[in-house]
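Colleague: What follows is a predicted structure for the sequence shown.
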Amino acid sequence: MPSFDITSEADMVGIKNAVDVAARQIGNRYDFKGTSAAVELNEKDKLITMNGDNDFQLDQIKDILFPAMEKKEPDSSKRLDAQDIQKVSGNKVKQVLKIQDGIDSDLAKKLVKLLKDSGLKVQASIQGDTVRVTGAKRDVLQDAIAHAKKSITDFPLKFGNFRD
């Protein structure tokens, strides 16, 4: 029976390049000279840390970072989980963005329920951080991909490992 996998892998190389581009732009901007504005990536823990003098400056850093990320990998800013803004020594602020990698169990359950309720003749099963979808024909699987793309727009999904 034909099958495919639904996954969501973060392109860490693309994210690293985007953070480097944003850090260079922040270093070159005149309005950031002499401030604590910075952005850095912790690849091991999959965290992006933004530092600034105030909340407005953090928003400016996001306005630089997110388009750079979208250029490298479409919908990559949707996989970021923004933590609360923290006050750091004096009047400085810091915000951490967690990079979500893989499909968490809530989204996997939502995908399985979505495909069952769609009326398509496919079976979906959760296998770790992927969802495997099997069906009788290739056309039905393509309809399942289209239905999942149309319904889940708040998180980037990848469809691959297609087997006949």
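Modeller: Received it, and whenever you're ready, just let me know what you need.

Colleague: How about the longest strand along the chain, which residues are buried there?
Modeller: With secondary structure taken from DSSP state E, the chain has its longest strand at strand 92-99. Residues of strand 92-99 classed as buried under the neighbour-count rule (16 or more other CB atoms under 10 Å) are 93-97, 99. For glycine as for every other residue, the C-beta is placed from the backbone atoms N, C-alpha and C.

Colleague: what do you get for stretch 132-144?
Modeller: Under the neighbour-count criterion of 16+ other CB under 10 Å, stretch 132-144 has 132-135, 141, 143-144 buried.

Colleague: Check those and tell me the two furthest apart.
Modeller: Farthest-apart pair in these is 132 and 143; separation 16.6 Å (CB to CB).

Colleague: same question for stretch 49-64, mean pLDDT?
Modeller: For stretch 49-64, mean pLDDT rounds to 92.

Colleague: where does it sit relative to the chain's centre, distance-wise?
Modeller: Mean-position distance between stretch 49-64 and its chain equals 19 Å (CA atoms, centre = their mean, to the nearest Å).

Colleague: Likewise for stretch 114-134?
Modeller: Taking CA atoms, centre = their mean, one finds the center of stretch 114-134 at 21 Å from the center of the full chain.

Colleague: The chain - how does it break down into domains?
Modeller: According to the domain assignment given by automatic domain parsing, the chain is divided into the following structural domains: 3-8+102-163, 12-99.

Colleague: Would you agree residue 159 is in contact with residue 145?
Modeller: Yes. At 5.1 Å, residue 159 and residue 145 qualify as touching, with contact defined as CB atoms under 8 Å.

Colleague: where do the contact lists of the two overlap?
Modeller: Applying CB atoms under 8 Å, 6 or more residues apart in numbering, one finds that residue 159 and residue 145 are jointly contacted by residue 4.

Colleague: Given the longest strand of the chain, what are its sheet partners and their directions?
Modeller: With DSSP bridges as the criterion, the sheet partners recorded for strand 92-99 are strand 47-52 (antiparallel), strand 80-82 (antiparallel), strand 86-88 (antiparallel).

Colleague: Export that strand to CSV, keeping only CA atoms.
Modeller: Taking C-alpha atoms only, strand 92-99 is exported to CSV below (Å, rounded to 0.1, in the frame of the first residue of the first chain):
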residue,chain,number,x,y,z
LYS,A,92,18.1,46.0,29.6
VAL,A,93,15.7,43.3,28.3
LYS,A,94,16.1,39.8,26.8
GLN,A,95,13.8,37.4,25.0
VAL,A,96,14.4,33.8,24.1
LEU,A,97,12.9,32.1,21.1
LYS,A,98,12.7,28.3,21.2
ILE,A,99,13.0,26.5,17.9
